[in-house]
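> Turn this into a structure:
(one chain, ligands or ions: 1)
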Amino acid sequence: MSRSNDLNRIRELLQRRRREILTANAGAHRELTALKDQERDPEYEENAQSELADYTLSSLLESQRREIMLIDAALRRMDMGVFGDCVDCGFEIPIERLEALPFAIRCEEDATLHELETRGGPAATPSM
Ligand SMILES: [Zn+2]
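Numbers count the residues shown, from 1 in each chain. This is a model prediction of the structure:
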């Protein structure tokens with residue numbers, strides 16, 4: 001199994017998770033039903049997803065909004081081809097770590113350093 005296959009699998013997981021959060025929040029809205037019907041068309045899905053996101057984001061719980069933002073950031077890094085590379089040392093983050101922590105932007109070593117450096121900062125900072 002190549003790394004790009006693994007990354008694709010993580011992308012699918014993130015997209016599914018994103019959809020789950022939005023789906024859970026959109027409730028019985030018609031837009032959602034339409035979206036589900038179109039789910040097999042990836043291009044439509046992407047546009048509809050962002051519309052749906054704009055539309056429901058304000059009603060999301062803070063924790064859900066935060067997760068969506070992390071997912072979006074991870075998907076953006078995938079689009080830029082830098083997902084899975086440590087932002088500090090530039091080396092590839094092991095796939096096992098990414099599977100456990102798909103939002104990780106640092107290798108384990110740098111994440112530990114980063115946490116030590118930022119200890120005492122805002123408690124809300126998730127450990128990456
Ligand atoms: Zn690193």
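> The helix or strand encompassing Arg19 packs against which elements?
Assigned by DSSP states H and E, Arg19 falls within helix 3-26. Here helix 3-26 touches helix 42-57, helix 62-79, helix 95-100, going by 3 or more CB pairs under 8 Å, 6 or more residues apart in numbering; DSSP states H and E. C-beta here means a position set from N, CA and C on the backbone, and glycine is covered the same way.
> Compare the mean pLDDT across those helices and name the weakest.
Mean pLDDT across the helices and strands packed on helix 3-26 is lowest at helix 42-57; the value there is a mean of 57.
> Which segments of this protein make up each domain?
1-81, 84-128 (automatic domain parsing).
> and the last one, does that touch the ion?
Yes: contact check for domain 84-128 against the ion, using CB under 5 Å from the ion: residues in range are 86, 88-89, 107, 110.
> Next step: the residues you listed restricted to helices.
Counting by DSSP state H, those place Asp110 in helices.
> and the residues of domain 84-128 next to the ion, which are buried?
86, 107, 110 (16 or more other CB atoms under 10 Å).
> No more questions from me, cheers.
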